[in-house]
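In: 3D, please:
(chains A and B)
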Amino acid sequence: MDVVPKWAEVILVPLISLMLAAILSALVILAIGEDPVAAVNLMITGALGSTYGWGYTLYYATNFLFTGLAVSVAFHAGLFNIGGEGQAMLGGLGVALACLLVPWPHWTIALLAATVAAGLFGAAWAAIPAFLQARRGSHIVITTIMFNFIAAAVLNYVLVNLMRPAGSMDPATARFPEAVHLPTLHDILGVVGIEFSKSAPANVTFLIAILACVLVWLLLWRTWLGYEIRSYGKSESAAKYAGISPFAITMIAMLISGGLAGMMAINNVMGEAERLVLNAVEGAGFIGIAVALMGRNHPFGVFLAAILFGFLYQGGAELALWTSIPRELIVVIQALIILFTGALDNMVRMPLERLFLMIRRGNA
Amino acid sequence: MADKAPAIELKGISKAFGPVQANKDISIRVMPGTIHGIIGENGAGKSTLMSILYGFYKADKGEIFIAGNKTEIPDSQAAIAAGIGMVFQHFKLVENFTVLENIILGAEDGRLLRPSLAKARKTLLELEREYGLNVDPDAVIEEIGVGMQQRVEILKALYRRADILILDEPTGVLTPAEADQLFRILGRLREEGKTIILITHKLREIMEATDTVSVMRRGEMTATVKTSETSPAELAELMVGRKVLLRVDKTPATPGDVVLDIKGLKVVDDQGVERVKGIDLQVRAGEIVGIAGVAGNGQSELLEVLGGYADATGEVTLNGQPLDLSGRYSDGRSRRTRGIGHVPEDRQREGLIMDFSAWENTAFGYHRSDAYQSGMLLNNAAIRSDTEGKMERFDVRPPDPALPAKSFSGGNQQKIVLAREIERNPDLLLVGQPTRGVDIGAIEFIHQQIVALRDQGKAILLVSVELEEILALADRVAVMFDGHIMGERLSAETDEKELGLLMAGVEG
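Out: Presented below is the predicted three-dimensional model:
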């Protein structure tokens, strides 16, 4: 018997947490001598007030969708994949190789190939920690963190020594050919007659990310594989009893997780930069953890949380641009949100439970 | 006695969880220096009542008097201060701490550990001597047996100067001998003037150990009687609300072909210890073979091997075909496709996923079977309707497939597992501790289902630490001790005494 109805659990609890985080953030802004109301206004107009703002918000959200889903899938198997950052970096390498080595006739085929390559590279990067966990019991949190550093080093080496065009001083690959240019939301929405900012980076990958949400949901709640992943995550001893192989599930869940993280690269590498640069991921792998946490590891929750964090990213950039509020403050706000929605979850939930109990008793 | 104030008096305690009235206007008086039994089926409200007394829940209505004084118990600290000690069904011990460390945990004197350990050791030895508890203070919890772990829990309460000791289903995990020892200790505590409340669903224990007994049914206290003036049959009827069959009604077995044939089976555990040391055993169609033995003598490992989640060496055949004991085809799924059903010993850790709904648990282990698929996806509707049928046929209450497993009572959880395994129509059913933590009404039902499966000509291997249950259910009994089978007896031709000797390792 759940005390709190589902709608309250899913909507009210995160909403209240968010409000608390917002109030505290406002106090912080006040404390540094700025006007919180003006700051909120600026963030909202900056991130949501124009199609340009939306274009950035959705672009960031797309990144977070992939990394958030990646963390969620692993989490359902009881695995904490902190390696989204490294897996997304390697995904970028996959995308770059796919785009540069083959002369694609059309962006659709290129996108398909790049997605596969990104997924495979990301999955491969997750496979080693997964194997070490499944066979040797090396803790996946430690190994995936280490693999983030190794990924950065690998990418550095590859970009500087192997893929840098001759004569370039920039540790980046050559620009991808025009044929693999992905349609932006401007191009897509233009077809149906909606005016969308031309210079914003949101692109067709956003739709793929939504598709990924649906597929992850189907996988987890509608297939026996997802059932096995969730079973294993809830109870390893019960999974063994049922004949579910811990090795297989650890590997599969991490491969899917790594693959999803890797696929982020079609957004930032193929869709936006159109070449692979150093540090292309920009921390999105870590934001994915917060997104999964806030979205309660459910694809729909991850979707909402990703949009929220996209908004914070874009709104924060605007703040830094137009006020003397430093960029770092955005990190503070993000941290507060993570703190309230994740770590302090019970602080909101418990009083709410008590409230609902009182209401129910009043009715009875 | 009459002029003394009761050690505990509850007046009109009521507690509701949402629409469920767990305790309805309960009043009870427990005199000091007595053992008072509280008996009732799972879900009757015994645990809720004790949780109120121990400060886990706050009663909606009612008053608590300790030694005649009205007492508020908002939390367990207050309960301890009022002299109440609780021994939970699931022990609350830190596995890798020593006995001594566990005992002072939360009751340390001062900030430094060492002096408080030394002081505690002295107190502890005194307590042990006084009550004959026989516990080594330096033993590490995970290395000592369940019986001793329980004595540690009792010591913990005594160390906190408890005058009133509440024991929640204390014998659920004990052997008959350990249970006897526990009751001797309780007797001694009573002589020293302690008051003991014993919560159980086992009639025999009530009859053996208590002075007075209260019966609870559906949140209400239906009767409080002197134990010497009642009978097990009367108590059972009060508990369930109807006449109950205390024996298992079954005809003699008509064993057919050998279904399970075990030869020279050896099991080595993860630590390299040999747990099963070469056993031979046969189970025929249409018979129930019971494995008796004190917990930890290799029975669990035997079930794990047959159920497909532990490796072993030796030779096992099912219906004449060899069974893989290691490698790819020795997992639980392969066992199920070969026609082995398994009701595991620990339904909460193994048999069920407590956070999953009843319908998700109904598919557990069989989730890849064709009946539960539609194309690439799980056919959730089919699983759900299958669950509804199973819940109805096995009388699972409440019959709501969407409820998570953890919100069912122990008996109903076991029925969910049993329905899942039995209705797959297995050739061999492995059953571990089928009625551990299960109420009387459900025990009767579960036993009937197992016998019914036998009568359909299926082979059943039953492992239980309850000798009574083995004798009542099994047609043939094999006793395990230290990884060996000490002997086999027909259950009609043996008794608890003979089996008890075999269980202790005395050659028959």
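In: which one is residue 288 nearest to, not counting chain neighbours?
Out: Chain wasn't specified; assuming chain A. residue A:67 (2.6 Å; Cβ to Cβ, 6 or more residues apart in numbering or on different chains). No exception for glycine: its C-beta is placed from N, CA and C like everyone else's.
In: hmm, I had chain B in mind actually
Out: Going by Cβ to Cβ, 6+ apart, residue B:288 has residue B:460 as its nearest residue, at 4.4 Å.
In: and that neighbour, what pLDDT?
Out: In this model, residue B:460 is scored at 97, pLDDT.
In: what's the spacing between it and chain A?
Out: Counting by Cβ to the nearest Cβ, to the nearest Å, the gap from residue B:460 to chain A is 18 Å.
In: and that residue, what are its bridge partners?
Out: Beta-bridge pairing of residue B:460 under DSSP bridges involves residue B:288, residue B:429.
In: My guess is it contacts residue B:449. True?
Out: No: Residue B:460 lies out of contact with residue B:449 (Cβ atoms under 8 Å); the separation is 10.7 Å.
In: Which one of the two is surrounded by more residues?
Out: Using other Cβ atoms under 10 Å in any protein chain shown as the criterion, residue B:460 and residue B:449 rank with residue B:460 on top: 28 against 18.
In: show me the contacts for the more buried one.
Out: B:283, B:287-289, B:428-429, B:431, B:450, B:453-454 (Cβ atoms under 8 Å, 6 or more residues apart in numbering or on different chains).
In: Neighbours of residue A:278, how many?
Out: 13.
In: rewinding a little: just the closest of the contacts of residue B:460 to residue B:103, please.
Out: residue B:431 (36.9 Å; Cβ to Cβ).
In: any idea how far residue A:237 is from the residue in the stretch 101-250 of chain A positioned nearest to chain B?
Out: The nearest approach of the stretch 101-250 of chain A to chain B comes at residue A:243, 2.9 Å away (Cβ to the nearest Cβ). Noted for residue A:243: a distance of 13 Å to residue A:237, by Cβ to Cβ, to the nearest Å.
In: Who has more neighbours out of the two?
Out: The neighbour count for residue A:243 versus residue A:237, taken as other Cβ under 10 Å, is higher for residue A:243 (23 against 14).
In: Name the residues of the longest helix along chain B that come out as buried.
Out: In chain B, with assignment by DSSP state H, the single longest helix is helix B:113-131. Neighbour-count burial for helix B:113-131, counted by 16 or more other Cβ atoms under 10 Å in any protein chain shown, picks out B:117, B:120, B:124, B:127-128, B:131.
In: give me the number of residues near residue A:27?
Out: Going by other Cβ under 10 Å, the residues that sit close to residue A:27 add up to 10.
In: Report the rounded mean pLDDT for stretch B:71-82.
Out: For stretch B:71-82, the per-residue pLDDT averages 89.
In: How about residues contacting that stretch?
Out: B:52-56, B:58, B:64-66, B:84, B:86, B:160, B:162.
In: follow-up on the earlier one: in TSV: the contacts of residue B:460, plus neighbour count.
Out: Converted to TSV, the contacts of residue B:460 look like this (neighbours: other Cβ atoms under 10 Å in any protein chain shown):
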residue	neighbour count
B:283	26
B:287	22
B:288	26
B:289	24
B:428	21
B:429	25
B:431	27
B:450	25
B:453	23
B:454	25
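In: Tell me the one of those residues nearest chain A?
Out: residue B:431 (13.7 Å).
In: phi, psi of that closest one?
Out: phi -130, psi 120 (degrees, to the nearest 10).
In: OK, contacts around it?
Out: Residue B:431 neighbours (Cβ under 8 Å, 6+ apart): B:343, B:450, B:460-464.
In: Restricted to strands, list these.
Out: Among these, DSSP state E puts B:343, B:460-463 in strands.
In: Just give the nearest non-adjacent residue to the most centrally placed residue in chain A, would you?
Out: Centroid-nearest residue in chain A: residue A:64, 2.3 Å away (criterion: Cα atoms, centre = their mean). Take residue A:64 and drop its neighbours on the chain: the residue closest to it by Cβ to Cβ, 6+ apart is residue A:306, 4.0 Å away.
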